[in-house]
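[1] the amino acid sequence is not available; the structure is as follows:
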Ligand code: DGL
């Protein structure tokens with residue numbers, strides 16, 4: 001079993017980490033489209049082209065399943081790639097459904113990239129579940145760049161988030177949905193800014209549940225325990241060198257630690 005994870009950069013590592021924790025021992029392949037990042041401020045057709053380029057590459061690696069660990073790529077390209085390739089494809093969905101289901105009357109803030117927020121995939125979902133118009137959307141495109149430059153805690157990134165949140169009254173909100181996999185790295189910082197009374201949720205768990213179903217991973221559990229964990233990392237079609245691989249493994253390890 002070979003499972004590929006795809007993102008424009010390091011955001012998808014947060015989804016991969018969830019998969020490794022729940023299903024260790026499987027062979028994973030991680031593809032970051034670092035040459036073309038960021039996706040969220042680009043034209044839809046351009047991003048579709050990038051996603052197809054990456055998926056063509058992954059197809060040649062004989063993968064069994066593809067996880068599009070990027071909300072932006074999922075929004076614009078998932079239908080197309082599901083039609084084009086033979087292997088099953090799992091995508092991301094901002095967790096607005098559980099947010100609305102567990103809502104107690106206050107508002108839900110969805111933060112994501114501009115492209116995700118403007119796409120019909122999200123807006124169709126919102127209009128089908130948001131009867132009382134509780135969902136408010138704010139783009140935080142720059143967080144993708146901050147994350148790629150390893151800036152998770154600086155005064156500047158904190159100020160950026162605070163300024164983005166200035167246009168809303170936080171007292172009216174009970175949930176924030178992280179609708180971009182890069183934003184998972186900012187959960188703690190956002191919590192610090194908004195306080196403990198607002199829940200912060202993401203779609204990673206839902207995506208891995210979907211992966212478990214599609215790849216029948218529950219039947220895999222016993223056999224994988226003995227085998228060794230293998231992850232190969234690629235940046236826009238080029239196998240990563242040891243230095244970059246170590247860097248990415250360290251990010252995964254830090255995510256694992258912050259979970260404990
Ligand atoms: N991780 C991507 C997402 O989930 C980031 C998009 C970008 O490259 O702008 O949306």
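    Here it is on my side, so go on. Everything quoted here is computed from the prediction, not taken from an experiment.

[2] show me where this protein has its helices.
    Here the chain has its helices, by DSSP state H, at 13-22, 44-60, 71-84, 96-101, 114-118, 120-129, 142-148, 155-165, 187-194, 204-214, 221-224, 242-259.

[3] closest one to residue 233 among those helices?
    Residue 233 lies closest to helix 242-259 among the helices of the chain, at 5.1 Å (Cβ to Cβ). Heads up, the C-betas are built off the backbone N, CA and C, glycines and all.

[4] now do the closest one: which elements does it pack against?
    Applying 3 or more Cβ pairs under 8 Å, 6 or more residues apart in numbering; DSSP states H and E, we find helix 242-259 packed against helix 13-22, strand 230-235.

[5] the last one close to the ligand?
    Yep, that's strand 230-235 we're talking about. No. Figure legend: strand 230-235 not in contact with the ligand (Cβ under 6 Å from any ligand atom); closest approach 13.6 Å.

[6] quick revisit: now the helices and strands packed on helix 242-259 in CSV, with mean pLDDT and mean neighbour count?
    Converted to CSV, the helices and strands packed on helix 242-259 look like this (pLDDT from 0 to 100; neighbours: other Cβ atoms under 10 Å):
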stretch, mean pLDDT, mean neighbour count
helix 13-22, 96, 22
strand 230-235, 96, 17
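
[7] of all those, which one is nearest residue 68?
    helix 13-22 (9.3 Å).

[8] so, in contact with the ligand or not, the closest one?
    No. Residues of helix 13-22 contacting the ligand under Cβ under 6 Å from any ligand atom: none, with a closest distance of 8.8 Å.

[9] circling back to that earlier point, right, and the helices of the chain - which one's nearest residue 2?
    helix 44-60 (9.5 Å).

[10] out of the helices of the chain, the one nearest residue 90 is which?
    helix 204-214 (4.9 Å).

[11] which parts of the chain sit against the ligand?
    Residues of the chain lying near the ligand (Cβ under 6 Å from any ligand atom): 7-8, 11, 37-40, 70-72, 113, 116, 144, 180-182.
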